[in-house]
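J.: Just to be clear, the model below is a prediction. Sequence and coordinates:
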Amino acid sequence: MHLTIFPDKKSLAEAAATQAVRIIREAIAAHGCARIIAATGASQFEFLDKLTKVRDIAWERVEMFHLDEYIGIPAEHPASFRRYLRERLIEKTGIKCYHLLDAERDPEGAIAQVAAEIRKAPIDVCFVGVGENGHLAFNDPPADFETEEAYIIVELDEACRRQQLGEGWFANLDEVPRRAISMTVRQILKSKQIICVVPDARKADAVAKCFQGEVSPLAPASILRTHENAVVYLDKDSARLLGPGATEARAG
């Protein structure tokens, strides 16, 4: 894993998008398509905006997978990650092959369907963020580092639910679902490359715990330190609690 720190969200997003574009183009050139996993949430806004403005990508050769989704949320709900990905990635690029998690009525069925597809070939690049509680996808602490399932149903902790409320996706805490489908930690780590985009001061505590403390299920995103080709993009605000040498941090 490698940490990179930028002055602001704009320069962070530009750098992360530049790497993403290169990986996608190289994958298409090498084997005719690129398989990607897309993250959602407020932290990804600038990154996805930069990425989708790149016009000379053969998006019709990109196959996209969904990282996580609330259970019981309709596709058109303002907080739906299916809606988010349609509006912020699919419709802007013209991606034709995508696998979204429809967890409204049959979460187990959605897991079976998308898991079967994701196992067909390696993932070229996975886009992720880090939650305010250190979560990776919706794997809240203590995260399951052992399951080999591609997706699991998880219980969302209060810190995670309060983050969703704070980002403006829901009117009150009672509206925030208590369960979700999440891609598992081990499935994320199977990706050839990982781009982790983590801006904003509200993520500083989680960044310090995950990338300077121990690799632990109590700091789920710390597991990225075990991946040779993971790059974590921070801005000065999210990196403000990191001490000297944090960019060299690795799991033993």
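T.: Right, received. Where do you want to start?

J.: tell me the contacts of the closest residue to W59 other than its chain neighbours?
T.: With Cβ to Cβ, 6 or more residues apart in numbering as the measure, T93 is the residue that lies nearest to W59, at 4.1 Å, once sequence neighbours are left out. C-beta coordinates here come from the backbone N, C-alpha and C atoms, glycine included. In this structure, T93 makes contact with 52, 57, 59, 62, judged by Cβ atoms under 8 Å, 6 or more residues apart in numbering.

J.: Let's see the pLDDT reported for T93.
T.: Per-residue confidence (pLDDT) for T93: 97.

J.: Against which helices or strands is the lowest-mean-pLDDT helix or strand in the chain packed?
T.: Taking all helices and strands of the chain together, the one with the lowest average confidence (mean pLDDT, DSSP states H and E) is helix 158-166, at a mean of 92. The contact analysis (3 or more Cβ pairs under 8 Å, 6 or more residues apart in numbering; DSSP states H and E) places helix 158-166 against no helix or strand.

J.: Can you tell me the strand partners of the helix or strand just after it and which way each runs?
T.: Tracing the chain past helix 158-166, the next element assigned as helix or strand by DSSP states H and E is strand 179-183. Each strand pairing with strand 179-183, determined using DSSP bridges, is listed with its direction: strand 68-70 (antiparallel), strand 151-155 (antiparallel).

J.: Beyond strand 179-183, next helix or strand please.
T.: With elements assigned by DSSP H and E, the helix or strand that comes after strand 179-183 is helix 185-189.

J.: After that following helix, which helix or strand is next? Please name it.
T.: Sequence-wise, the next helix or strand downstream of helix 185-189 (DSSP H and E) is strand 193-198.

J.: Put the alpha carbons of that following strand into CSV.
T.: The C-alpha atoms that make up strand 193-198 are tabulated as CSV, following Å, rounded to 0.1, in the frame of the first residue of the first chain:
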residue,chain,number,x,y,z
GLN,A,193,-5.4,-2.7,-8.0
ILE,A,194,-7.3,-0.6,-5.4
ILE,A,195,-7.8,3.1,-5.5
CYS,A,196,-8.9,4.5,-2.1
VAL,A,197,-10.2,8.1,-2.1
VAL,A,198,-10.5,9.7,1.3
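
J.: Quick one: residues in contact with it.
T.: When contacts are taken as Cβ under 8 Å, 6+ apart, the neighbours of strand 193-198 outside the stretch itself are 12-13, 16, 19-20, 23, 39, 43-44, 47, 124-130, 188, 206-207, 221, 224, 227, 229-234, 238.

J.: if we go to 7 Å?
T.: The contact list for strand 193-198, computed with Cβ atoms under 7 Å, 6 or more residues apart in numbering, reads 12, 16, 19-20, 23, 43-44, 47, 124-130, 207, 224, 227, 229-234, 238.

J.: From those residues, list the buried ones, please.
T.: 12, 16, 20, 23, 43-44, 47, 124-130, 207, 224, 227, 230-234, 238 (16 or more other Cβ atoms under 10 Å).

J.: List the buried residues for the longest helix seen in the chain?
T.: Once the chain is assigned using DSSP state H, the helix that runs over the most residues is helix 9-31. Burial within helix 9-31, assessed by neighbour count using 16+ other Cβ under 10 Å, is assigned to 9, 12-13, 15-17, 20, 23-24, 27-28.
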